[in-house]
Every structure is written in structure tokens, then in C-alpha cells.
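J.: Give me a 3D structure for the following:
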Amino acid sequence: MAAPDDRPLRDGTSRNHPLFEKVGMPSALRWGYLGLLLFMTGNGVETNFISTHMNAMFGGNAAIFVQNVIALYGISVIIAAYLGGVLSDLFGPRRVMTAGFIIWVVFEVLFLISMGKGYEYLTLVTYFFRGFGFPLFAFAFLVWINDTADDDRLGAAVGWFYVVFTGGMPTLGALIAFFTIPLFGGGTHGETMTLWLSIILVVLGFLCIQLKVRLHNADKRTAPANESNLYVITSGLRLCKREPRVLIGFLIRLVNTAPQFGMLIIMPGVIGHDLGWGESKWMMMTVIVFSGNILLNAVFGNIGDRWGWLRTVRTFGLGGAAVGLLLWWYVAHWVTPGSLWGYWVTIAAGLVFSILMAGFVPMGAIMSELAPKGERGSAMSMYGAAAGGAAFLGPLVVAVIKPFAGNPGVVWAFVILYIIAFLVSKKVAVDQPRYRPVKKQK
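T.: Below you'll find the model as predicted:
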């Protein structure tokens, strides 16, 4: 049996919980992972009903207004996901997470009040600014992970990040809404009360990190002292120009979850209405399908550490997820509409897609290694921007392709994006720490 690893973590903290280290999670951040899970659960409560809820609150002719609200929200998410990395270089990840928490709570309260009063303009503005909250919180924590975890276990550490990130949004958040909306009386009232409940979960998540995580690098500036704030904030963009492989990594990560966000737009109508399974069964399908992604994120992080980060991304994340996406769409249409057995077969096909999408997990480690020493925050800011951009790209593909090619055209557009990303992915090969590819014997 191998001797326990007694090396200190990168920030100098001792390994006082070997079990967490064994599975690839930095033990000093274990409460941070729990805090992020709670925060993202609160943020993800609205996932399956916020659009229909706003339509109901503002009347039947509010469709265009709601689309504008969601589109502007997507823009704020992209901006904040980028800022989460570079601001962490300036002020330390804990301070950025605290700012994200305050922004989320303040503007969520204002958003709910504005929507309840029927103020369209204030609803749009407050939801836009609330969009800065969760990316600052989540992607500052991802920088913290990259600054703390060992290089040779970075894939697993990032994998655990996505376990809790997607575990909260959309999976546990959607599951909580599934039970609490009818518990609060159903309809718009039940949805409104569920949205207020989400604030409690976000507060609990923040308290986990604020009270339980104690690290030397929590509030430490890592950017060079002689660089101005503006210079650091724009460092991610300049890094893409100086190191084109970072830009390629950005584009690969952008494609990663774009199909997920696109399918969340087209599939509710297909599963719930066209194929006759109903809205409640679609909500449960969402929970089950994306739970597979949660469970396998950490597994694929460990696979990447041992089998190769890029090989894992190309084989499972790009090739595998493309096949899984086609399976989910076509199996749903091949089975008998509305049948119980067809429902479960469709869920199984969706699980193939969500599980193989976890093969993208090592991209976080690859992006970190693509950056020169001292610029990990800049690289992770581009990674975060790509993750936020996926939430914008998915609906954009739907909006552009669906009017002339329908839902099948949307699915194939995402598959083509996966193929293009596969073809350029060899450009982001890195010297993976402690990884030695297995050579074939002659």
C-alpha cells in the first residue's frame, strides 16, 4: 500500500483529512464545496419555471419581454464569469465570492418585489444585475481550487467543482422546486414562495464558506504588484492574443454545455407536450438525466489525471457527448409517445448524453496549464467566460436555427459544433504534471 501523501497543499496548508485527498478533493476546501452546492441549489431552483412564471406574472402578451429579460441575464452571466477569475487575482477569491453573494441576495430580493408589483423595467434591470452574482461566487471558487490543489490532482479537484456546481443547478434546485411548488399551493403563488425559499439556500452556502474555510490564500492578491487594476482585469483578453491556445480552449469550453442549455429550451415542449409525457415528467426527467452528469464529473476528473486530460476530453466529452445528444433526441421520437417504457428508455438515452458530457471536466485543468506561471486567474477568467457564454450560445443556436430547420436542425447544429471542437482540440495539448502516457510495446 502506498504511503499517505503528507506533502502540504500548494498554499502551505497541511493535509488533515486524507480521505478527501484520496478522492482528489483538496481537504482544506471541503466546506467550500458544500457551500457552493448549497449556493448553486438556491440559484438553480428557478431553472425549470422562471420563464413561464414571468409570463404568468406579466400576462399572456409578455413573451418578447421575457425573452429580453433572459437574454440580458445571459450577457451579465458571461461578463461576471470572466470577472470572477481576474478579480480573484486582484483581491483574492473569498472577497470576490462575498461580492457575488451580496449582489445575488440584494438583487434577487429587488427582482421578486419588482415582479410582484408588475414593474417591467425594474424586473429587467434587477434580474440583469442578479446575473452577476452566481458566476462571481462560483468561478472565484474555481480559481481558489486551482490555487490550492496539487497539479497532478487538478483534474479531480475541478471534477468535484462540477459535481457540486451541476448538482445544485439544475439538478437539486429543480428537485426542490418539484416538491415545494405544490407544497406552497401550486401555481404562481407556489412558484413565488419557492423563489423566496431559494434565498435561504444561498445564504447557507455563503455561511459554509465564510465560517468554515480558513486558507492563507483566501484574500491574497496573486497579480504582480506593479500591474494596475485595469491591466489585470483585461489580462484574460490579452492572454488569448498572446497565447492562441487559450483562445482555442475558450472555444472548446464554450461548446461544452451549450447543447445542454439549448435542449432545456426545446425539450420541455417536445417531452411535455408533443410526445405526451406532461410537464411534471419532464421536470423529473431533468433531475434524473443531469444527476448522471453530477455523479460522473469527479470520476472523469480522476480518469483525466490518470489517462490524460486531453484524451479524456476528446474521447468522452467531444465524441461521446455528440453521440449521446443524438441518442437522446432520436430515441425520444422512436419510442411510443406517452408510454411508460418509452419514458424510461428516453431517460436512459439522456443519461448517456449527460454522463459523457462530464468528459469535458479536464478542460479546467488544461486551461490552467496553458497559462504562464502567475496568470492562472487570467486563464480561468476566460474559462469562466466560456462557461457563462455556453448559457448564451445554447439559446442563440436555438433562436437562429429553429425558425428554418426546426428542432432536429438545432440538435444537428450542436453536433456539428462538437465535431469542429474535436478537430481543433489537438491544439491545446499540454505537459500534464506527473502524467506519462502508456507506450505501446513493439
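
J.: Tell me the pLDDT of Gln261.
T.: Careful, residue 261 is Phe and not Gln. pLDDT recorded at Phe261 is 87.

J.: just Arg221 next, same as before
T.: 79.

J.: which residue packs closest to it, ignoring adjacent ones?
T.: Leu90 (5.9 Å; CB to CB, 6 or more residues apart in numbering). (Glycine included, C-beta is placed from N, CA and C.)

J.: Check the secondary structure at Gly338 for me.
T.: Following DSSP: H, G, I helix; E, B strand; the rest coil, Gly338 is assigned to coil.

J.: and it, what are its phi and psi?
T.: phi 80, psi -10 (degrees, to the nearest 10).

J.: What count of nearby residues applies to it?
T.: 12 (other CB atoms under 10 Å).

J.: you'd agree it is up against His273?
T.: No: Gly338 sits out of contact with His273 when judged by CB atoms under 8 Å, with a separation of 10.9 Å.

J.: In the stretch 1-150 of the chain, what residue spans correspond to helices?
T.: Secondary structure of the stretch 1-150 of the chain (DSSP state H, counting those that start in this stretch): helices located at 18-22, 30-44, 50-58, 63-91, 93-117, 120-130, 133-148.

J.: State the number of residues packed around the residue nearest to Arg221.
T.: Here the number of neighbours of Leu90 (other CB under 10 Å) works out to 19.

J.: now the helix ranked longest in the chain and helix 63-91, what's the angle there?
T.: Secondary structure of the chain per DSSP state H: the longest helix is helix 376-424. Helix 376-424 and helix 63-91 are oriented at 120 degrees to each other (axes from the mean of the first three to the mean of the last three CA atoms, to 10 degrees).

J.: where's Ala387 relative to His273, distance?
T.: Counting by CB to CB, to the nearest Å, the separation of Ala387 from His273 is 30 Å.

J.: the more surrounded of the two?
T.: The neighbour comparison of Ala387 against His273 (other CB under 10 Å) goes to Ala387, with 28 against 12.

J.: From Pro433, how far off is the spatially closest residue to Met380 that is not a sequence neighbour?
T.: Nearest residue to Met380, sequence neighbours excluded (CB to CB, 6+ apart): Gly85, at 4.0 Å. Gly85 sits 21 Å away from Pro433, going by CB to CB.

J.: Can I get the helices of the stretch 1-150 of the chain in TSV including distance to Val203 and mean pLDDT?
T.: Shown next, in TSV, are those (distance: least, CB to CB, whole Å; pLDDT from 0 to 100):
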stretch	distance to Val203	mean pLDDT
helix 18-22	25	74
helix 30-44	8	95
helix 50-58	20	89
helix 63-91	19	89
helix 93-117	7	97
helix 120-130	15	96
helix 133-148	12	92
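
J.: Save those helices as JSON lines, and put in distance to Val397 too.
T.: Listed next are these as JSON lines, based on distance: least, CB to CB, whole Å:
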{"stretch": "helix 18-22", "distance to Val397": "38"}
{"stretch": "helix 30-44", "distance to Val397": "22"}
{"stretch": "helix 50-58", "distance to Val397": "17"}
{"stretch": "helix 63-91", "distance to Val397": "13"}
{"stretch": "helix 93-117", "distance to Val397": "27"}
{"stretch": "helix 120-130", "distance to Val397": "22"}
{"stretch": "helix 133-148", "distance to Val397": "21"}
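
J.: Could you give the number of residues near Ala140?
T.: Per other CB under 10 Å, the neighbour tally for Ala140 reads 28.

J.: and if you look at Lys426?
T.: Around Lys426 there are 10 other residues, counting by other CB under 10 Å.

J.: residues in contact with it?
T.: For Lys426, the contacting residues are 310, 314, by CB atoms under 8 Å, 6 or more residues apart in numbering.

J.: Let's see the pLDDT reported for it.
T.: 92.

J.: now do Leu356
T.: On the pLDDT scale, Leu356 gets 96.

J.: Skipping adjacent residues, who's closest to it in space?
T.: Leu356 sits nearest to Gly320 (CB to CB, 6+ apart), 3.4 Å away.

J.: got it, and Ala62?
T.: For Ala62, the spatially nearest residue (CB to CB, 6+ apart) is Asn55, at 5.3 Å.

J.: mind listing the helices for the stretch 251-400 of the chain?
T.: Going by DSSP H, counting those that start in this stretch, the stretch 251-400 of the chain shows helices at 258-269, 279-307, 309-312, 321-334, 340-357, 363-370, 376-424.

J.: how about those helices, which one is nearest Gly35?
T.: Minimum separation from Gly35 across the helices of the stretch 251-400 of the chain (CB to CB) falls at helix 279-307, 16.6 Å.

J.: Can you give me the buried ones in the closest one?
T.: Buried residues in helix 279-307, counted by 16 or more other CB atoms under 10 Å: 281-294, 296-305, 307.

J.: Can you get me a residue count around the closest residue to Gly377 other than its chain neighbours?
T.: Of all residues not flanking Gly377 in the chain, Asp89 sits nearest, at 3.5 Å (CB to CB, 6+ apart). As a burial measure, Asp89 scores 28 neighbours (other CB under 10 Å).

J.: Indicate which one of the helices of the stretch 1-150 of the chain is closest to Ala421.
T.: The nearest among these, by CB to CB, is helix 63-91 at 18.5 Å.

J.: just checking, what packs against that closest one?
T.: helix 50-58, helix 93-117, helix 120-130, helix 133-148, helix 229-233, helix 235-242, helix 376-424 (3 or more CB pairs under 8 Å, 6 or more residues apart in numbering; DSSP states H and E).

J.: Please work out the angle formed by the directions of that helix and helix 363-370.
T.: Per the same axes, to 10 degrees, the angle that helix 63-91 makes with helix 363-370 is 40 degrees.

J.: Could you shift the numbering so residue one becomes 26, and keep it that way?
T.: Okay, using 26 as the starting number, the last item reads as helix 88-116.

J.: what separates helix 88-116 from the chain centre, distance-wise?
T.: Helix 88-116 sits 13 Å away from the centroid of its parent chain (CA atoms, centre = their mean, to the nearest Å).

J.: isn't Gly409 right next to Phe162, touching?
T.: No: using CB under 8 Å, Gly409 is not in contact with Phe162, being 11.1 Å away.
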